[in-house]
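> this one's structure only:
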């Protein structure tokens, strides 16, 4: 009997290397407007928002700072442009928001971070002109920005989110920065009122209230009153100051769709200082 030998062959299908799916960022596909974006928390937020997929328009008073941050974002592969804006000037604020819509075709989210400080000291020692400037930028300037942003969101994206930068200095007596604290406390009320007003339209409005954060403004205060940062850190359970990026992360989350049921909130980012 003859042995019949059979050879079996296995057919292999060539495989094509697959490209890993890109992970969507928190703000993927959104257009973001950021005030106070030349330095500190605003600059950190502009960089982060771009990394998270947003097209960003940076706004501040100093063109050289804006240009530097914008170029940094572009060099990292992000999409950004900038516009010079004075928050105490209504025409300037509206022009900046219009520029955002003109540049990108829409507005989805806005981070109103621009602010100005005050000379530390008792309120009776603050000149009237300084009072007017602090309230014009920190309160009226945000009101101007929000009204322009709401109009732009309505006209383009239809739904969106706004985050304002408050301060833990607004949540209790603030004898060293009394007018700054008062303006930020008024901003908290404005934020909450806006959340109630525009929520039915699908526009969420929140605020972040940073604690001790290593910005130029804080360093200027520490230079005027040496030991300020050390003293504030001693009151903070985490025992340190925040990096601007840490506050930017909170703002990015509030602006993102992952915070879709959060509105009217003043979110403390303070290392437990006010716990």
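All right, it came through fine. None of these values were measured; they are calculated from a predicted model.
> all helices for the chain, in order.
40-51, 63-75, 90-104, 128-135, 141-155, 178-198, 216-224, 228-234, 244-255 (DSSP state H).
> what's the last one packed up against?
Other elements packing on helix 244-255 under the criterion 3 or more Cβ pairs under 8 Å, 6 or more residues apart in numbering; DSSP states H and E are helix 40-51, strand 109-112, strand 160-165, strand 203-210, strand 266-269. (C-beta placed from N, C-alpha, C; glycine too.)
> Would you indicate which residues of it are buried?
244, 246-255 (16 or more other Cβ atoms under 10 Å).
> what's the offset of that helix from the middle of its chain?
Between the centre of helix 244-255 and the centre of its chain there are 6 Å (Cα atoms, centre = their mean, to the nearest Å).
> for the first one, same thing?
Its chain's C-alpha centre and that of helix 40-51 lie 7 Å apart, by Cα atoms, centre = their mean.
> So for residue 174, which of the helices and strands packed on helix 244-255 sits nearest?
Residue 174 lies closest, by Cβ to Cβ, to one member of the helices and strands packed on helix 244-255: strand 203-210, at 12.3 Å.
> Adjacent strands (with direction) for that closest one?
In the sheet, strand 203-210 lines up against strand 160-165 (parallel), strand 266-269 (parallel) (DSSP bridges).
> for this structure, which spans come out with low pLDDT?
For the chain, the stretches with pLDDT under 70 are 1-22.
> what residue lies at the spatial centre of it?
residue 111 (4.1 Å; Cα atoms, centre = their mean).
> Give the bridge partners for it, please.
residue 34, residue 163.
> Pretty sure it sits against residue 43.
No: with contact defined as Cβ atoms under 8 Å, residue 111 does not count as touching residue 43 (11.3 Å).
> which of the strands paired with strand 203-210 is buried the deepest?
strand 160-165 (a mean of 28; mean count of other Cβ atoms under 10 Å).
> quick one, that strand and helix 244-255 angle?
Computed by axes from the mean of the first three to the mean of the last three Cα atoms, to 10 degrees, the angle separating strand 160-165 from helix 244-255 equals 150 degrees.
> Quick check: bridge partners of residue 57?
Beta-bridge partners, per DSSP bridges, of residue 57: residue 33, residue 81.
> OK, contacts around it?
31-34, 80-83, 96, 99-100, 103-104 (Cβ atoms under 8 Å, 6 or more residues apart in numbering).
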